[in-house]
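> fold the following, please.
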Amino acid sequence: MSEQKALQFLDKNNLECAICLERLTEPKTLECLHSYCLHCLQSLIKTSGKIKCPKCCKMYDDLNQFDLKDLTTNEMLSYQVKYVENIESEKPMKCSSCDNQPKYYCSECKMYLCGQCIKHHKMIPVLKDHSLYTLDEEGDLSNKCKFHRDMLEFYCKTCSKSGCKKCEHIIRCYQNEHNVIPFKIALDEFNLKHHSLHTLDEEGDLSNKCKFHRDMLEFYCKTCSKSGCKKCEHVLSCYQNEHNVIPFKIAVDEFNQHVTKVMKSAEEIKEKLEVTRDTITKERSDFESRIQICRTEIDLQEENLIKKIQEKSREMTTNLDKIDKQNKEVVDDRVKNIDSKLTKVNEMLPLINTMMNKPEERATVICHEVNINAFREEVVESKYDESINIIAPSFIPSKNLDKVLDLEGIGKMTNHERVFEVAEDKLPITVTMGQSVEVKVVSVKSVTSHLFTTLINESGKQAATEVERVGNGEYKIKGSCHLKGDWKMIITAKGDQIKGSPVNIKAEAVGLVNTIDDIQHLKIHDKNKKVNDVILDKEGNLIVSSLSKDVLKFNQEYSCIGRIEIPENVQVSCMHQMSDGHIVYIDALNKTVVMCDDQFKQIHTFCKGTLKNPSGLTVNNETRTMYVADSECHCVFKFNVDNGELLGQIGSYGSNVGYMNGSKSVTLTKEGNLIVTDCGNSRLQMFDANDRFMRIICNVSYPYCVAIDCEENILVLGDYGMLGYSNITLFNKDGGFIKEDKDSYKSSINPSGIAIISNQPRRVAVANSSSNDVRIYNY
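You can find the predicted model right below:
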């Protein structure tokens with residue numbers, strides 16, 4: 001069957017997109033074989049981050065914005081949509097054979113026919129098998145569904161869409177609990193609103209017009225509290241009676257000022273009441289929370305006491321069993337000995353008795369007599385019949401325990417007034433091992449009590465803490481978690497925990513946290529070009545450049561959320577995020593510096609003709625000074641970041657202090673001092689705001705990248721190329737060595753850019769050109 005023949009049986013509802021409910025445009029087919037508009041799929045993945053087929057509910061988690069255009073285009077649907085649009089757009093006002101309105105189109109005769117003429121068309125044998133297309137009917141369609149031609153019966157206020165009983169989107173609105181009302185009610189509401197607006201437009205604003213003469217109000221009598229125009233007689237009477245009559249405009253201004261004052265007073269009262277209510281609600285919530293904690297502590301105390309009593313009871317029972325066993329062994333041995341002797345005596349008695357009246361048995365009797373005398377010495381004369389002195393134990397209940405329970409119970413309830421609380425802006429806390437933890441505590445009223453702190457982990461290991469009073473009722477509690485895992489900082493005053501205690505702290509291990517390794521696949525252009533820099537933008541997202549047309553954006557979960565395309569004649573090699581939201585970057589191709597917005601749209605271009613091999617830059621946002629390191633010129637150039645004016649040059653080629661040999665990277669301290677990586681001389685140098693050399697901060701083998709965090713710790717990446725790996729070395733702002741995490745970063749890595757991306761925990765992103773990825777480290 002041909003495509004034109006297929007159109008004869010076409011249901012035009014099949015040409016409707018189930019997402020936008022409009023006719024399909026650029027239909028793309030998913031794996032489930034359902035088709036939707038390309039722009040609808042793009043909008044869906046942009047808002048929800050993934051695609052769920054509205055018809056079969058199949059999930060597509062692996063699709064992103066760049067994959068949608070590669071989906072298969074439904075050519076058949078595209079052809080049908082185009083065919084229908086062409087036919088309906090060319091539909092004439094009259095039938096090709098008469099003056100009636102056309103209802104059908106014959107694709108073979110190329111004729112538009114009405115309902116009467118189509119009957120004659122079908123009666124002719126040669127024409128009866130022609131494929132016919134049913135045209136959209138015209139007329140009064142305002143109350144009819146444009147898809148099913150049934151009467152409209154429903155209107156969704158949430159979606160602002162109407163529909164009939166057959167419309168699927170109305171069913172979905174009911175399922176999603178939207179505000180669906182009858183269409184007639186919605187129409188009446190619309191007409192009423194439209195009528196009200198129309199009436200207002202006709203009558204105009206009557207608030208400044210006289211209700212009697214329709215002229216503009218010009219006078220207001222303060223005595224009578226009445227306004228009027230020139231024609232009003234009561235205004236004339238007010239003048240005659242010497243009332244306080246003023247211009248209406250002044251009266252309006254005075255009245256509005258009074259109303260504004262009253263409104264302001266009411267707003268202040270409202271704000272005060274709301275703050276008080278919120279405070280009481282919060283205090284009540286804290287009180288209920290404390291009550292629950294007390295209940296839990298009582299239950300725990302009860303369990304502990306029961307456990308201890310059971311342990312003591314088991315201990316006493318064990319001792320009793322031991323005494324019983326020992327005495328039983330002694331008694332059993334004595335009874336066994338007596339039974340043995342008694343048996344022997346019983347055996348001799350019958351024998352001796354048979355020897356009566358037999359003198360000839362004298363020798364035998366003497367022998368038995370010897371044995372009996374031996375038993376006698378052992379049993380009778382040695383007090384054998386005395387008791388073995390078994391001492392029976394007795395249990396004496398503890399009277400002290402009864403007294404303690406009667407006097408103190410299992411504890412006591414105290415109502416300590418909570419005068420300290422942990423500042424909420426510090427919760428929760430995540431740090432790296434060894435990183436300093438700082439918790440802020442404030443006192444809500446003047447107190448003389450002291451704070452006591454304990455920093456402890458799950459295993460019971462404790463770490464040292466320090467309480468510092470900073471004034472104005474504020475305290476700083478400092479500590480450091482030296483082991484990985486969950487810690488608690490318990491803060492007490494007068495033996496009771498303060499509000500917000502304990503503070504939960506999570507200590508993460510130092511080293512590699514994550515790797516963004518799909519950069520090559522996310523790019524469209526120049527896929528083989530290596531990543532060369534990374535920065536953190538104002539929204540907390542990572543911006544990654546790689547000397548190509550594609551600049552990639554990643555969120556805090558390190559998932560790609562965007563791709564920015566830049567002009568072909570530009571190569572972004574080093575970037576810096578400014579405080580005003582603008583970005584400055586080095587154009588390695590043209591050896592210039594470009595200022596752009598967050599979408600890399602160019603604003604200004606600087607330094608043309610001055611730079612030879614720019615490799616690093618930073619900006620002092622207060623002085624508006626931009627510093628650009630040039631490894632070929634062996635110096636740092638200074639420019640005005642607003643107009644590109646060259647302000648000066650720091651350093652020149654050499655090995656003495658203040659001189660440089662391959663200046664690669666630059667950064668600034670809080671005081672505005674400049675730190676430069678002097679790669680060829682394997683050192684970091686510091687210069688003040690007036691370009692004067694201050695000191696050599698430290699010596700590091702081939703320092704390539706440098707950054708400074710909020711604690712003014714200096715991070716240096718070096719050693720790559722010669723040792724085959726890089727390490728992050730940490731110094732304080734005076735150049736004092738803190739630590740070197742060499743083993744944590746030991747891998748094949750060539751750092752080309754570094755960015756501090758988190759302060760708690762201390763975390764850094766490193767652009768790795770060796771394997772074309774971005775690595776996230778805790779340090």
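> Ile708 - how many residues pack around it?
Ile708 has 18 neighbours, counted by other Cβ atoms under 10 Å. For the C-beta atoms, the positions are set from N, CA and C on the backbone; glycine is no exception.
> what's the answer for Ser770, then?
Here the count is done by other Cβ under 10 Å, and Ser770 has 17 residues near it.
> hmm, it is touching Asn750, no?
Yes - between Ser770 and Asn750 there is a contact under Cβ atoms under 8 Å: 4.0 Å.
> and stretch 758-774, how far from the chain's centre?
Chain-centre distance of stretch 758-774: 19 Å, with Cα atoms, centre = their mean, to the nearest Å.
> which SSE is Phe190 in?
According to DSSP states H and E, Phe190 maps onto helix 183-203.
> then His234?
Assessed by DSSP H and E, His234 sits inside helix 233-240.
> and the average pLDDT for that helix is what?
Mean pLDDT, computed over helix 233-240, is 86.
> helix or strand right after that helix?
Trace forward from helix 233-240 with DSSP H and E and the next one is strand 245-247.
> circling back to that earlier point, run the chain-centre distance for the helix holding His234.
71 Å.
> ditto for stretch 637-650
40 Å.
> so where do the helices sit in the stretch 401-550 of the chain?
For the stretch 401-550 of the chain, helices defined by DSSP state H, counting those that start in this stretch occupy the ranges 519-522.
> tell me which stretches of it form strands.
Shown for the stretch 401-550 of the chain, the strands assigned by DSSP state E, counting those that start in this stretch span residues 420-422, 429-432, 436-443, 452-457, 462-463, 465-471, 474-480, 485-493, 496-497, 503-508, 511-516, 533-536, 542-545, 550-554.
> between those, which one is nearest to Arg624?
Arg624 lies closest, by Cβ to Cβ, to one member of the strands of the stretch 401-550 of the chain: strand 533-536, at 19.2 Å.
> and Ile738, how far from Tyr779?
10 Å (Cβ to Cβ, to the nearest Å).
> need the residues touching each of those two.
By Cβ atoms under 8 Å, 6 or more residues apart in numbering, Ile738 and Tyr779 have these common neighbours: Leu730.
> the two: which has the busier surroundings?
Taking neighbours as other Cβ under 10 Å, Ile738 and Tyr779 compare with Tyr779 leading, 23 against 13.
> ok, that one to Glu712 distance?
As judged by Cβ to Cβ, Tyr779 and Glu712 stand 14 Å apart.
> redo the strands of the stretch 401-550 of the chain as CSV? Include mean neighbour count, mean pLDDT and distance to Cys607.
Below are the strands of the stretch 401-550 of the chain laid out as CSV (neighbours: other Cβ atoms under 10 Å; pLDDT from 0 to 100; distance: least, Cβ to Cβ, whole Å):
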stretch, mean neighbour count, mean pLDDT, distance to Cys607
strand 420-422, 21, 85, 49
strand 429-432, 20, 92, 38
strand 436-443, 19, 89, 40
strand 452-457, 18, 91, 51
strand 462-463, 14, 92, 50
strand 465-471, 12, 88, 45
strand 474-480, 18, 91, 44
strand 485-493, 19, 90, 49
strand 496-497, 16, 81, 59
strand 503-508, 19, 93, 41
strand 511-516, 16, 91, 31
strand 533-536, 23, 95, 17
strand 542-545, 26, 96, 18
strand 550-554, 20, 94, 20
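> returning to what we had before: check which element follows the helix holding Phe190 along the chain.
Past helix 183-203, the next helix or strand by DSSP H and E is strand 219-221.
> and that following strand, which strands flank it?
Strand 219-221 pairs in its sheet with strand 226-228 (antiparallel), strand 245-247 (antiparallel), by DSSP bridges.
> so which of the ones you listed has the densest surroundings on average?
With neighbours taken as mean count of other Cβ atoms under 10 Å, the strands paired with strand 219-221 reach their highest mean count in strand 226-228, at a mean of 20.
> hmm, who's touching it?
Around strand 226-228, the neighbours that count as contacts under Cβ under 8 Å, 6+ apart are 210, 217-221, 234-235, 238, 248, 251.
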